[in-house]
Each structure stands twice: as C-alpha cells, then as structure tokens.
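Asks: Predicted coordinates and the sequence they were generated for:
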Amino acid sequence: MAWTLLALAGLFEVVWAVGLKYTEGFTRLWPSVITLAAMAASVILLALALKHIPVGTGYAVWTGIGAVGTAVLGIILFQEPATAARIASIALIVCGIAGLKLSGAA
C-alpha cells in the first residue's frame, strides 16, 4: 500500500509541475487551484508513504516519478525537444526508480 501511495504522490507531483505552466504565475484561477490542490495531495501522500518506506528511497522515487512524468509531458504538451540524450536520461531515471524499488527497501 505504501508504494501505491508513493506512486500516486509522484503522479500528483507531475500534475502540479505541469500545472505551474498553465497558472501563468498564479494569475489564472482554476489552473492555480488545481495546481495548489495537487501540491497538497502530493506532499500528503508522500508523508503517508514515508511511514513505511525509508525517507531516502521514498523521496528519490517521488522526485524521480515527478521528473520523468514532467519531462515526458513537456515533450508531448509543450513540444520540448525529444533528443536522444534527453530520452536516454529519462530512461536512466526510470532505471534508478526501478532499482530503488527492487533493492528491497520496504
């Protein structure tokens, strides 16, 4: 259950990170509300997951999910460059997340 909470926390991190782009500096109401709600949900779910997962592992996985999801959505939604180096770097982060999960931590 803790890993499910952590995965959800990571997904909410992606929502708020991408949402920041749509808030236009928190000048647009509904994107700002959604972004702030996603921020709160992300941190709350992370805190719940960290009851059962070591903090170093949990934080690294949480930020990894956020980084990968945000980078992928940046490519899809904002036409950011999808260079080979960028894709390889995203793949390395995914490998790191999987390695932390498979290392037996919690």
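Replies: Everything's here; your move. Numbering: from 1, shown residues only.
Asks: rest of the way, CA atoms for contacts and neighbours
Replies: Fine.
Asks: low-confidence ranges in the protein?
Replies: 104-106 (pLDDT under 70).
Asks: Sketch out the helices for it, chain order is fine.
Replies: According to DSSP state H, the chain carries its helices in the segments 2-23, 29-49, 55-78, 84-102.
Asks: most tightly surrounded among those helices?
Replies: Highest mean neighbour count among the helices of the chain (mean count of other CA atoms under 10 Å): helix 2-23, with a mean of 21.
Asks: Which residue comes closest to the residue most central in space within the chain once chain neighbours are left out?
Replies: Using CA atoms, centre = their mean, the residue of the chain that lies closest to the mean C-alpha position is G66, 1.7 Å off. Computed as CA to CA, 6 or more residues apart in numbering, the closest residue to G66 that is not its neighbour in sequence is V14, at 4.9 Å.
Asks: dump the residue contacts of the one you found.
Replies: By CA atoms under 8 Å, 6 or more residues apart in numbering, the residues touching V14 are I65, G66, A67, G69, T70.
Asks: Kindly provide the distance from the last one to T27.
Replies: Same thing as T70. Separation of T70 from T27 (CA to CA, to the nearest Å): 21 Å.
Asks: F26 contacts S32, correct?
Replies: Yes: between F26 and S32 there is a contact under CA atoms under 8 Å: 5.4 Å.
Asks: can you name the farthest residue from the center of the chain?
Replies: If you look at how far each residue of the chain sits from its centre, by CA atoms, centre = their mean, the farthest one is T27, at 23.4 Å.
Asks: Phi first, then psi, for that residue.
Replies: phi -100, psi -10 (degrees, to the nearest 10).
Asks: returning to what we had before: shared neighbours of F26 and S32, anything?
Replies: L20.
Asks: If you tally nearby residues, what's the number for P54?
Replies: A count of nearby residues for P54, using other CA atoms under 10 Å, gives 12.
Asks: Quick check: it vs A60, distance?
Replies: Taking CA to CA, one finds P54 at 10 Å from A60.
Asks: Equivalent analysis for L92, please.
Replies: Distance, L92 to A60, using CA to CA: 13 Å.
Asks: what does A17 give?
Replies: Separation of A17 from A60 (CA to CA) stands at 16 Å.
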